[in-house]
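Student: I'd like to go over a predicted model; first the sequence, then the structure.
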Amino acid sequence: MRLLIIAGLLALLPWTATAAPTWQVISSEPGKRIELDRTSLKREGNSVQAQGRVVLEKELIDGKSGAGYRVIEAITRYDCGTRSANTIKRIFKKNESDVIREEDIRGAELPVRSGTLDDKVLREVCRPPRENQAELVKKANEAGNELKAANEAVVKKEMAKAEKPAAIKASDSPAKDAEPAAIPSIRPNLKAAAEAPREPAKEAAAPPPAAAKPATPVAAPAPAKARTVVVHTTPATAPRPRKTSKSDGYMLELAHSEPAVQHAHIHWAYEGMGGPENWSKLDPQNKACAIGERQSPIDIKDGIKVDLEPIKFNYQPSTFRIIDNGHTVQVEVGEGSISLTGKTYELVQFHFHRPSEEKINGQRFDMVVHLVHKSDEGQLAVVAVLLERGNENPFIQTLWNHMPLEKNMPVSPPSATVDLNTLLPTSRNYYTYMGSLTTPPCSEGVLWLVMKQPVQVSADQINIFGRLYRNNARPIQPSGGRLIKEGR
């Protein structure tokens, strides 16, 4: 008996003596929580290397291993002077401890866009440190040593009790032929204790198997609580797709670049069980896809002709990052924005659809580029550039030259650059109306700016995209009497 007590208590020591990472919450939004391990900060001049993690409420599927994960850890190097970042390693985890996959990233530094989650992390790590790393590590180790000392004291106390067993009353002694009662284990179920907080609520509510018998409670030192981050769910606006839908940053892009696990494990798509007619059934957050009254795309017609304010495009030549995210080809560039009606919208990303999602007076075009912008208040503005068959487009060709070979594997060419100004049509006249995202969660309140003059691309360039996505356009939605303005 004494040996069981000592063995059970000693088994706790290695686990409790190890100090947990000093995770600090940087950003908490519906669907995700971003944390930073301050003990990981390594400063060299204006450069800071930091380890952060994203904890998701909804499990995502890793495109390479096919396994589900909820935690993404990333080691990222931030340049406080140029406000750029370069993620050098990512770790996918099923939970706090179970690693699914690790990957080393060999990408170029990219500018951190204002308002993104990486921007929040950059601001945090670039602040003058309130405590140096040595002090933080010292405190963490001291906490671990205190736990170890406490457990050692408990062990000594139990050993002393074991040497002086309490007298057994005759009335309490078992009958001669009775089987000895089973001695309950005093060793706590560490695995269950560590995993219990991370189980989904619906699983926690499930009744135990009929055959299971509750263990007799025995006094024992409680294991230190695992610092589990539970997050309230996903895309920029909704499941983020987690915004996903739109990329939130280098650390979070991982979560965004891969489809979220939906009801019955059906992913949203453009045909089949995951097609547009079922989007609202795949996730409760997609209900706007079915009941929204200002959905996109629409057939743009019967607009009123007025003198529209010119859109001010603030684009500069930049390196880029291109990814095939399983729904389209998406591209991110450096700083860029548009200004309209006294408001500035920062460029988030642009992507392609085939054929064009919107119609103009009943006519579809071969393709369309959607340039997604976001204001400081969170409002989205999408500039749509229609593409029609014609001459080869140098801008598009540069992107296609660096097309990723696999889905969810981004490519960041170190020297190739693009200038979005060369993609825009000569005439900057446009149509405008209020609509929604054209992908789940179909959030409304999106300002649409559809350029009237199409831009030419070659048949070969259209066919290249067609080999990846034959049709990734959402069907036309009812206009519902919305006001459409057309520049004259």
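Tutor: Now that the structure is in, tell me what you want to look at.

Student: C-alpha from now on. contacts and neighbour counts both.
Tutor: OK.

Student: now the strands for the stretch 251-400 of the chain?
Tutor: Here the stretch 251-400 of the chain has its strands, by DSSP state E, counting those that start in this stretch, at 299-300, 304-306, 312-315, 320-324, 329-333, 336-340, 343-353, 359-360, 367-375, 380-389.

Student: the stretch 1-150 of the chain now?
Tutor: 23-29, 32-44, 47-61, 68-79, 84-93, 99-104, 110-111.

Student: does anything pack onto the third one? Which helices or strands?
Tutor: Helices and strands touching strand 47-61, by 3 or more CA pairs under 8 Å, 6 or more residues apart in numbering; DSSP states H and E, are strand 32-44, strand 68-79.

Student: out of those, flag the one nearest residue 281.
Tutor: When the helices and strands packed on strand 47-61 are compared by CA to CA, strand 68-79 sits nearest residue 281, at 21.1 Å.

Student: distance of residue 276 from residue 448?
Tutor: 20 Å (CA to CA, to the nearest Å).

Student: with neighbour numbers in mind, choose between those two.
Tutor: More crowded of residue 276 and residue 448, by other CA atoms under 10 Å: residue 448, with 24 against 21.

Student: partner residues bridging the more buried one?
Tutor: Counting by DSSP bridges, residue 448 is bridged to residue 382, residue 433.

Student: quick check: it vs residue 459, distance?
Tutor: From residue 448 to residue 459 the distance is 27 Å (CA to CA).

Student: again, but for residue 428
Tutor: Residue 428 is 24 Å from residue 459, by CA to CA.

Student: still on that earlier bit, just name the most buried of the helices and strands packed on strand 47-61.
Tutor: Greatest average neighbour count among the helices and strands packed on strand 47-61 goes to strand 68-79 (a mean of 23), per mean count of other CA atoms under 10 Å.

Student: quick one, grab the pLDDT at residue 115.
Tutor: Residue 115 is assigned a predicted lDDT (pLDDT) of 59.

Student: right, I mislabeled it, should have said residue 166
Tutor: At residue 166, pLDDT is 49.

Student: then residue 5?
Tutor: On the pLDDT scale, residue 5 gets 52.

Student: please apply the same query to residue 476.
Tutor: pLDDT for residue 476: 98.

Student: from memory it sits against residue 277, does it?
Tutor: No. With contacts counted by CA atoms under 8 Å, residue 476 stays clear of residue 277, the gap being 11.8 Å.

Student: show the subsequent helix or strand relative to the helix or strand hosting residue 466.
Tutor: Secondary structure from DSSP states H and E places residue 466 in helix 459-468. Under the assignment DSSP H and E, the closest C-terminal helix or strand after helix 459-468 is strand 485-487.

Student: I'd like the average pLDDT over that following strand.
Tutor: 97.

Student: direction included, what does it pair against?
Tutor: strand 304-306 (parallel), strand 430-436 (antiparallel).

Student: flag every buried residue along the last one.
Tutor: To tie it back to what came earlier, the one meant is strand 430-436. Neighbour-count burial for strand 430-436 flags 430-436 (criterion: 16 or more other CA atoms under 10 Å).

Student: output the strands of the stretch 251-400 of the chain as TSV; include the columns mean neighbour count, mean pLDDT and distance to residue 102.
Tutor: Formatted as TSV, the strands of the stretch 251-400 of the chain follow (neighbours: other CA atoms under 10 Å; pLDDT from 0 to 100; distance: least, CA to CA, whole Å):
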stretch	mean neighbour count	mean pLDDT	distance to residue 102
strand 299-300	19	98	45
strand 304-306	12	97	55
strand 312-315	16	98	35
strand 320-324	22	97	19
strand 329-333	22	97	23
strand 336-340	17	97	32
strand 343-353	21	97	26
strand 359-360	17	98	44
strand 367-375	22	97	30
strand 380-389	24	98	34
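
Student: nearest to residue 69, of those strands?
Tutor: strand 320-324 (20.2 Å).

Student: against which helices or strands is that closest one packed?
Tutor: Right, strand 320-324 is packed against strand 329-333 by 3+ CA pairs under 8 Å, 6+ apart.
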